[in-house]
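**Student:** Give the three-dimensional model of this entry:
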Amino acid sequence: MNTTPRRTFLRLLTGLPAAAALTARARPAPGLNLTAAAAYVAAHKGHALYIRQHGKVIHESYANGAKRGEPRRIYSGTKGYWGLAAMAAVEDGLLTLDEKAAATLPEWNSGGKKNITIEQLLDFTCGLERGLKIHQDGHKNRNQIALDRPLVSAPGQSFIYGPSPLQVFHEILKRKLAARKRPETPTHYLERRILRPLGLGPQRYLPDASGNPLLAAGFLLTPAQWSRIGDLLLSQGRPILKPASLAHLLEGSHANPAYSFGFWNNRAAAHAGAREIDIEDLLEKDWDRQNWSRVCIARDLPPDLIACIGSGYQRLYAIPSRDLVIIRQGLNARHSDGDFLRTLLNG
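**Tutor:** The predicted structure follows:
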């Protein structure tokens, strides 16, 4: 009879420290190397690896001092929730994606900003200067800061990743919701249309002095909580959005086909010449030095892979063809999306 304690056995099996507290919740799925994937995460300053397939948790492990049930920052993973809210607003008749932002913002009725559409705000091709200071605390009105940002590129021509466009979108949604017979704030709309149907409550919004939340970051979620947006991606948006709405949300833009509305896609992986890059590294460069042509998350992996990407390599991956949701949370480290996913999927 084997008398080796279970935790010691797992440590020997994976090469992880005992503090990793690796927990398998269901029989490992064929073709997935869960042990090697957990070892990769732990070795790259990972805190959590959470994997669900066919609706069942097949792996859950914590490393480097992390504990189960501990909410952590998802940073830009927050953007996806507001992207979903935007498509819900389209379905609810609040707005259309091709309408001009100036239709709601009369202060934009002159100059180049008059041609910006709501869709260009949401896929970051509106041409506004990034406005990175909007991330900071202590602002009186971060929406106004965003509205005042200058154009640095013609609308629709360049991918410029930053908080400015989302704060402008918030101001548009705020004014439209305030004009309804039953007014509500964008935050309440997000909670009613997106968060509560996902089984989530109010989040960490980081409001400014005017009550405007920061749309680009802020949420604190456990892996299990964050994974619910993965379920939505696997189910083509149901029950919150129509499949056609989700498809449009994931479409991408001419300037960056791999990104839209807070979500990254791997479609380019299906084509010759696909460029696997470190997306976080490329985003650190000035926008006019970035090249998003033929960019994919990971070569030689399913092109239907979708990801939410947060700073410090916070990751949510959904792969509909494998009915798979994967969460990785951790510190800033040299995590590679391609290396990690190939480790997991090529088992």
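
**Student:** where along the stretch 1-150 of the chain do the helices fall?
**Tutor:** Ranges of helices in the stretch 1-150 of the chain, per DSSP state H, counting those that start in this stretch, are 6-14, 34-43, 79-91, 118-122, 142-147.

**Student:** Show me what the second one packs onto, helices and strands only.
**Tutor:** What it means is helix 34-43. Counting contacts by 3 or more Cβ pairs under 8 Å, 6 or more residues apart in numbering; DSSP states H and E, helix 34-43 packs against helix 6-14, strand 46-53, strand 56-62, helix 337-345. Using the backbone N, CA and C atoms, a C-beta is placed for each residue, glycine as well.

**Student:** List the residue ranges of the protein that fall below the pLDDT cut-off.
**Tutor:** Residues of the chain meeting the criterion pLDDT under 70: 1-29, 347.

**Student:** Stretch 217-226: end-to-end distance?
**Tutor:** Chord length of stretch 217-226, first to last residue, is 14 Å (Cα to Cα, to the nearest Å).

**Student:** How about residues contacting it?
**Tutor:** Contact with stretch 217-226 is made by 48-50, 57, 60, 69-79, 81, 135, 163, 199-200, 203-206, 308, 310-311, 316, 327, 329, as judged by Cβ atoms under 8 Å, 6 or more residues apart in numbering.

**Student:** Among those, which lie within strands?
**Tutor:** Using DSSP state E, the subset of the contacts of stretch 217-226 located in strands is 48-50, 57, 60, 72-73, 308, 310, 316, 327, 329.

**Student:** on that earlier part again, are any of the contacts of stretch 217-226 buried, and which?
**Tutor:** The neighbour count (16 or more other Cβ atoms under 10 Å) marks 48-50, 57, 60, 72-79, 81, 135, 163, 200, 203, 205-206, 308, 310, 316, 327, 329 as buried among those.

**Student:** what packs against the helix ranked longest in the chain?
**Tutor:** Scanning the chain for the longest helix, with DSSP state H as the assignment, gives helix 164-178. If you count contacts as 3+ Cβ pairs under 8 Å, 6+ apart, helix 164-178 packs onto helix 79-91, helix 118-122, helix 142-147, helix 186-190.

**Student:** among the ones you listed, which is nearest residue 336?
**Tutor:** If you check each of the helices and strands packed on helix 164-178 against residue 336 by Cβ to Cβ, helix 79-91 wins as the nearest, at 21.5 Å.

**Student:** okay, among the ones in strands among the contacts of stretch 217-226, which ones form the most distant pair?
**Tutor:** Top of the distance list for the ones in strands among the contacts of stretch 217-226 (Cβ to Cβ): 57 and 73, 22.2 Å.

**Student:** Can I get the helices of the stretch 1-150 of the chain in a markdown table including distance to residue 254?
**Tutor:** Shown next, in a markdown table, are the helices of the stretch 1-150 of the chain (distance: least, Cβ to Cβ, whole Å):
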| stretch | distance to residue 254 |
| --- | --- |
| helix 6-14 | 44 |
| helix 34-43 | 35 |
| helix 79-91 | 18 |
| helix 118-122 | 11 |
| helix 142-147 | 23 |
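
**Student:** Between those, which one is closest to residue 279.
**Tutor:** Residue 279 lies closest to helix 79-91 among these, at 13.3 Å (Cβ to Cβ).
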